[in-house]
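Novice: Need coordinates for the following:
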Amino acid sequence: MEIAGIIGILTIVGIAVVAAIVVLLILLLFARSWIKVARADEALVISGRKQKVQRAVIGADGTSSSEMSESPVTVIVNGKSLVNPITQRHEIISLRSRQVSLNAEAQSLDNVTLNVDGVAIVKIGSDPLLVRRAAERFASQDKAIEQFTTEQLEGALRGIVATLSVVELMRERKKFSDQIAADVSQELAEQGLILDSFQIKGITDKVGYIQSLGAPEIQAKRQAAEISQTNADRAINQKNIANQEANLVEQTALDTNTANANAGIGRARAEAEQAEQLARAQAEQAVLQQQAENKQAQLDADVKRVADAQRYEAETRAQAELYTRERAAEAAAIEQVKQAEARTPHRRAAGAGRQGARRR
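Specialist: Model prediction:
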C-alpha cells in the first residue's frame, strides 16, 4: 500500500511538472510573439495603438503653448511593449548614425564650375516626436534617408556656393561647411533626422583654376616646406664655413680663373649672337627691299598698261573721227559735182536760145 501511494504521488508530481513546463513554454511563445523589445540604438513604432503626445501650438499673436493630443502611432525608444499581432503592427527603426557621401557640381560667384566632395553623418533623432516623423516617411526604407539627405545637402551647397568666390570657399571652408549644416538642419528635423556633422573633403575644378590661383592651404604647406628647407640649408652652410675659410684663397683664385674664362666665353657668345642678329637683320632688310622693288615694278607695269590702253583708245578715236570727216568731205565734193553737172545743161539750152534769137 505504501509503495502504491508513493508511486501515485510521484505520478501526480510528474504530471504537474509536465503541465508546468507546458504552461511555461506557452507563456514563452506568447511573450515571444506579443512582447517586442527595442535595443539601445532602436525605436519601436506601434501602429494601431493611440498615444498621448505633447504638441506645440502657435497662437494668433505669435505666442507658443503646448497641449496634449492623441497620436495614432505609439513610439517606444530603448524599451519594450506588448503588441497584439492581431490588431496592431510594429516596426523596428534603427537610430544608428549613417554616413552620407556627397559629390555635387556647383557654380561659384566668379563663374567657376566646381566639384565639391563632402561627407555627412545623419541619423533619426531619439526624441519620440522625431521618431514618429521619420516613421511616417522612412519606415522600412533606410536608403530613402540617404537619398533625401543628399538632395537637401546638394541644394543648400549650390545655393551657398553661388554667393561666394573661389578664394572665399577655399579660405573659409569650415565656415562654408557650418553654413550648409545650418541651412539643412531644419529641413532634416521636419523629417525626423538629425545632422550630427558635415565636412567638405575637397573642392576641385576641371580647368585648373584653383591650382593656378593657389589655395591658402597649399600655399601654407609650400611656405612651411620652403622655410624648413631654408633652415636646413643654413645649418649645412654654417657647418661648412670652417672648411670654406681654409680653402678661401685657393677657391678665390679658381673662381677668378673660372670667371675670366666664363667672361671670355660670354663675350664670344655675345659677339656671335650680335653677328647672327646683324646677319639676320640684313637678310630681312634685303628681303624687304626686294619685295618693295617687286611691288614698285608691278605698280609701274600696271600704270604703263593703263597709259598704253588710254593712248590706244585716243588714237583709235582720232582715226575714227578723221575717217568720218574725210568721208563727209568726199560726200560733199561729190554732191557739189553733181549739182554743177545738173546746172550745166540748163545753161547750154539757155545760150542756144539766145543765139537763135539774135539770128532771127
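
Novice: can you pull out the strands in this structure?
Specialist: Assignment of strands within the chain using DSSP state E yields the ranges 35-37, 42-58, 64-77, 80-82, 89-94, 98-107, 113-124, 193-204.

Novice: The fourth one pairs with which strands?
Specialist: Applying DSSP bridges to the sheet, strand 80-82 is found paired with strand 35-37 (antiparallel).

Novice: wait, which of the strands of the chain is closest to Arg327?
Specialist: strand 113-124 (88.8 Å; CB to CB). Placement of C-beta: from N, CA and C, glycine included.

Novice: neighbouring strands for the closest one, and are they parallel or not?
Specialist: In the sheet, strand 113-124 lines up with strand 98-107 (antiparallel), strand 193-204 (antiparallel) (DSSP bridges).

Novice: Could you pull out the buried residues of it?
Specialist: Counting neighbours by 16 or more other CB atoms under 10 Å, one finds that the buried residues in strand 113-124 are 114, 116, 118, 120, 122-124.

Novice: cool, and stretch 165-180?
Specialist: So, applying 16+ other CB under 10 Å, buried residues of stretch 165-180: 166-170, 173, 176-177, 179-180.

Novice: same question, stretch 123-138
Specialist: If you call a residue buried by 16+ other CB under 10 Å, then stretch 123-138 has these buried ones: 123-125, 128-135, 138.

Novice: With stretch 180-193 instead?
Specialist: Buried positions in stretch 180-193, judged by neighbour count with 16+ other CB under 10 Å: 180-181, 183-185, 187-189, 191-193.

Novice: Alpha carbons only: can I get that stretch in CSV?
Specialist: Backbone C-alpha positions of stretch 180-193 (Å, rounded to 0.1, in the frame of the first residue of the first chain) are rendered in CSV as follows:
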residue,chain,number,x,y,z
ILE,A,180,25.4,74.3,-45.2
ALA,A,181,24.7,72.3,-42.0
ALA,A,182,22.7,75.2,-40.5
ASP,A,183,20.7,75.6,-43.7
VAL,A,184,19.6,71.9,-44.0
SER,A,185,19.2,71.1,-40.2
GLN,A,186,15.7,72.5,-40.1
GLU,A,187,14.6,70.6,-43.2
LEU,A,188,16.0,67.4,-41.9
ALA,A,189,14.4,67.9,-38.5
GLU,A,190,11.0,68.2,-40.2
GLN,A,191,11.5,64.6,-41.4
GLY,A,192,12.8,63.4,-38.0
LEU,A,193,16.5,63.5,-39.0
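
Novice: tell me the mean pLDDT over it?
Specialist: Mean pLDDT, stretch 180-193: 90.

Novice: Run the chain-centre distance for that stretch.
Specialist: Stretch 180-193 sits 27 Å away from the centroid of its parent chain (CA atoms, centre = their mean, to the nearest Å).

Novice: Can you tell me how far Ala328 is from Glu341?
Specialist: From Ala328 across to Glu341, the span is 21 Å (CB to CB, to the nearest Å).

Novice: what do you get for Gln244?
Specialist: 136 Å.

Novice: Same question for Ala19.
Specialist: Taking CB to CB as the criterion, Ala19 is separated from Glu341 by 178 Å.

Novice: With Val77 instead?
Specialist: When distance is defined by CB to CB, Val77 is 150 Å away from Glu341.

Novice: And the two? Which one has more around it.
Specialist: Per other CB atoms under 10 Å, whichever of Val77 and Glu341 has more neighbours is Val77, with 19 against 9.

Novice: Could you tell me how many residues sit around the closest residue to that one other than its chain neighbours?
Specialist: Excluding the flanking residues, the one nearest Val77 by CB to CB, 6 or more residues apart in numbering is Ala43, at 4.8 Å. Under the neighbour criterion other CB under 10 Å, Ala43 is assigned a count of 26.

Novice: any idea of the pLDDT on Ala43?
Specialist: Per-residue confidence for Ala43 comes out at a pLDDT of 83.

Novice: got the contact list for it?
Specialist: For Ala43, the set of contacting residues under the criterion of CB atoms under 8 Å, 6 or more residues apart in numbering consists of 75-78, 92-93, 95, 124, 126, 128, 131, 135.

Novice: and what of Ser97?
Specialist: When contacts are counted by CB under 8 Å, 6+ apart, Ser97 is found next to 121-123, 196.

Novice: next one: Ile180
Specialist: In this structure, Ile180 makes contact with 118, 153, 156-157, 160, 198, judged by CB under 8 Å, 6+ apart.

Novice: Please report how far it lies from Asn115.
Specialist: 16 Å.

Novice: Distance check, Gln298 against Ala332.
Specialist: Noted for Gln298: a distance of 51 Å to Ala332, by CB to CB.

Novice: my bad, Asn231
Specialist: Spatial separation of Asn231 from Ala332 under the definition CB to CB is 121 Å.

Novice: Also Gln319?
Specialist: Using CB to CB, one gets 20 Å for the distance from Gln319 to Ala332.

Novice: residue boundaries of the helices in the stretch 101-250 of the chain?
Specialist: In the stretch 101-250 of the chain, helices defined by DSSP state H, counting those that start in this stretch lie at 128-138, 142-161, 166-171, 173-190, 209-213, 216-239, 241-246, 248-359, listed in chain order.

Novice: Adding distance to Asn84, write these out as CSV.
Specialist: Below are the helices of the stretch 101-250 of the chain laid out as CSV (distance: least, CB to CB, whole Å):
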stretch, distance to Asn84
helix 128-138, 19
helix 142-161, 27
helix 166-171, 56
helix 173-190, 32
helix 209-213, 61
helix 216-239, 60
helix 241-246, 92
helix 248-359, 100
